[in-house]
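**Student:** fold the following.
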Amino acid sequence: MTTAKTYNKPETLYWNKSACTIKGHKITALPENKEASISYSPFEYYDNPNEKNLYLQFASVNEKKHSEIINFIRKFGFLGLNRKYMINGTFKELYPYEESLIQFIDEIHIMRGLLIMLEFLKKRDIKILNRIEIESSLSFFPLYDSYRKEFLETEDLFFGIKMEVIETVNSKLFDVSPSLFLDVDGFKEKWNCKTLLNSMYVMLYRDILQGRIIRKCENLTCNNYFIIYGNDTRTRFCCITCQNQQRQRVYRERKRSEK
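**Tutor:** Purely as a prediction, here's the structure:
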């Protein structure tokens, strides 16, 4: 009698972490790269109670601080923007491996812009969209840009934003493919991803279909995005620390205005 083999991961990619440095407009892997031997599944950082979802960590990177970009790559690896020179996150022909800093930052802005639009679709507060020009760039979302000029605060604008989300996410999934595998409970899905960026968009895709509520922390000094679990849709902060910091800030401002 044969027994069914159990597979626990919802996708097949294993990726490598990397030490790196930033010089000019290039992010370059360091020759003495101990992290490159550390292989992991990006989906270890999805629906993990001890870790924020990977794509949320990516969107929360402060692109103005090179140290945060370096720390992200050290923890998770390069995005795979030059994937023809990589095999599962390890460097193949191009050595030392490099990615464009400008393109890396563009990808942060695109992910962040999508999260802003998804937050708007949940809260239907037009002021949320103003953050796209501050935290992302309208140049990445031409469909939304054209709709906002003609249909501000109408159902057509909501439709345009939904179409922008669909087109952008689909463009990032164009070379991702699903497949079936057999688990002890029956058939399950598996996603065949080629890059770290692919994996993050599979995570976002799944969360969109599940209707998860994604928000940015309202602490003015915090850059974090987070998912609201449960029924408390009024949650405004990613943690108690941020909640207390913002309350203290509001209190001090109110006291100053009373003088």
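
**Student:** roughly how far does the residue nearest to Thr233 when sequence neighbours are not counted sit from Val169?
**Tutor:** Setting aside the residues directly before and after it, Thr233 is nearest to Ile213 in space (Cβ to Cβ, 6 or more residues apart in numbering), at 6.1 Å. Quick note: C-beta positions are derived from backbone N, CA and C, even for glycine. Separation of Ile213 from Val169 (Cβ to Cβ, to the nearest Å): 17 Å.

**Student:** so how far is stretch 230-245 off the chain centroid?
**Tutor:** Distance of stretch 230-245 from the chain centroid (Cα atoms, centre = their mean, to the nearest Å) equals 20 Å.

**Student:** quick one: terminal-to-terminal distance for that stretch?
**Tutor:** 24 Å (Cα to Cα, to the nearest Å).

**Student:** may I see the buried residues of that stretch?
**Tutor:** Thr235, Phe237, Cys238, Cys242, Gln243, Gln245 (16 or more other Cβ atoms under 10 Å).

**Student:** what's the burial count for the residue nearest to Thr233?
**Tutor:** 17 (other Cβ atoms under 10 Å).

**Student:** likewise for the one 5 residues further on?
**Tutor:** Other residues within reach of Glu218, judged by other Cβ under 10 Å, total 13.

**Student:** avg pLDDT for stretch 72-90?
**Tutor:** Regarding stretch 72-90, the rounded mean pLDDT is 79.

**Student:** let's have the chain start at 21 instead
**Tutor:** OK, 21 is where the count begins now, so the last one is stretch 92-110.

**Student:** any idea of the mean pLDDT for stretch 146-153?
**Tutor:** 86.

**Student:** quick one: contacts of that stretch?
**Tutor:** Gly133, Ile136, Met137, Glu139, Phe140, Leu158, Phe161, Tyr164, Arg168, Leu172, Glu173, Lys236 (Cβ atoms under 8 Å, 6 or more residues apart in numbering).

**Student:** correct me if wrong: the residue nearest to Thr253 contacts Gly250.
**Tutor:** No. Taking contacts as Cβ atoms under 8 Å, Ile233 lies outside contact range of Gly250: 9.8 Å.

**Student:** can you map out the strands along the stretch 171-279 of the chain?
**Tutor:** 197-203, 206-212, 233-236, 245-248 (DSSP state E, counting those that start in this stretch).

**Student:** quick one: low-confidence parts of the protein?
**Tutor:** 21-32, 52-57, 104-115, 169, 171-173, 279 (pLDDT under 70).

**Student:** mind giving me the packing neighbours of the top helix by length along the chain?
**Tutor:** For the chain, the longest helix by residue count, based on DSSP state H, is helix 121-143. Secondary-structure packing of helix 121-143 (3 or more Cβ pairs under 8 Å, 6 or more residues apart in numbering; DSSP states H and E): strand 46-49, helix 74-79, helix 86-96, helix 151-155, helix 175-192, helix 216-229, strand 233-236.
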